[in-house]
Every structure is written in C-alpha cells, then in structure tokens.
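Asks: Quick one, structure for this:
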Amino acid sequence: MDLIIKKSYPVDNPTNIPYSERESSPFTKIIGPTKNGGLYAGEHSNKPWMPIYVTPTSTGFMENLRSAKPPPGAMQQFVGTTRLGNNYTAMPGVEWYVAKKPECGPYSIKGVKH
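Replies: Numbering: from 1, shown residues only. Sure thing, here's the model as predicted:
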C-alpha cells in the first residue's frame, strides 16, 4: 500500500548549497577533495589506481547510484537513522506527512509524492 501525500511540506530547508554537498546541516558545505585522496603527497595524479573523489555524504552516494541505472524506487530510499558525527542527511523530494484532520495525528512520517 502506498502512502499518498496530498498536504505536506519538504523535509529539507532551501539553501544555496546543493543537497549532495550538505555536511552537518543545510547551511554547511562539505570540505572539497584532498589531493590524491589524502593517500599520497606530491603532484596530483589521475592514474587508474588513484582514488576517485566522491562527495562523502549519504545523498552524494545516492547521486553516484544514479549512474548505475538503479531499479525503480532505489533513489527514494534515504538513510533515516541517527549516526554518530554527521547526523544530517539531505532528502531531496522527501516531504513530511501532514494529517488531514487534527484528530489523526501527530505523526512523524516522511514520504515521497508519486
């Protein structure tokens, strides 16, 4: 059974920082890549064995999944539990459910529109 959201509001706050680059809040940007993945000193290298930079956020990893042509619905499954350290996860397209009647809540449900 699908939860159909008719009255809702977005989980994420709108800011100038892209969803995949948000660190510990919607207002903090993650620090950029380190030279050679932080593994080797010297000139930057693009050799095949060198690490490829990916944005180390859960939303960044979701964006990487997009290039693998995932099955339907895979891009709508975000991390939803509290983690030690960086507890913020941007969830583009996810909205808070708002009950139609006051006696039907309060609920703390997140969902996506179809």
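
Asks: Please count neighbours and contacts with C-alpha atoms only from this point.
Replies: Noted.

Asks: end-to-end on stretch 65-77?
Replies: One end of stretch 65-77 sits 11 Å from the other (C-alpha to C-alpha, to the nearest Å).

Asks: and for that stretch, what are the contacting residues?
Replies: M62, V94, V112 (C-alpha atoms under 8 Å, 6 or more residues apart in numbering).

Asks: Identify the bridge partners of the last one.
Replies: Meaning V112. V94 (DSSP bridges).

Asks: Compute the distance between it and Y88, please.
Replies: Distance from V112 to Y88, by C-alpha to C-alpha: 18 Å.

Asks: go on, the first one?
Replies: In this structure, M62 and Y88 are 14 Å apart, going by C-alpha to C-alpha.

Asks: for K110, same thing?
Replies: 15 Å.

Asks: Can you list the low-confidence ranges for this protein?
Replies: 1-7, 80-87, 100-106, 113-114 (pLDDT under 70).

Asks: My read is that I17 contacts K29, right?
Replies: Yes. Between I17 and K29 there is a contact under C-alpha atoms under 8 Å: 6.5 Å.

Asks: mind listing the helices for the protein?
Replies: Counting by DSSP state H, residue ranges of the helices within the chain are 58-66.

Asks: ok now do R22, which residues does it touch?
Replies: If a contact means C-alpha under 8 Å, 6+ apart, then R22 has T28, K29, I30, T57, T89, A90 as its contacts.

Asks: what's the distance between N46 and K35?
Replies: 10 Å.

Asks: And the strands in the chain?
Replies: 8-10, 94-97, 110-112 (DSSP state E).

Asks: Distance to E21 and mean neighbour count added to those strands, as TSV?
Replies: Shown next, in TSV, are these (distance: least, C-alpha to C-alpha, whole Å; neighbours: other C-alpha atoms under 10 Å):
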stretch	distance to E21	mean neighbour count
strand 8-10	18	16
strand 94-97	17	20
strand 110-112	21	19
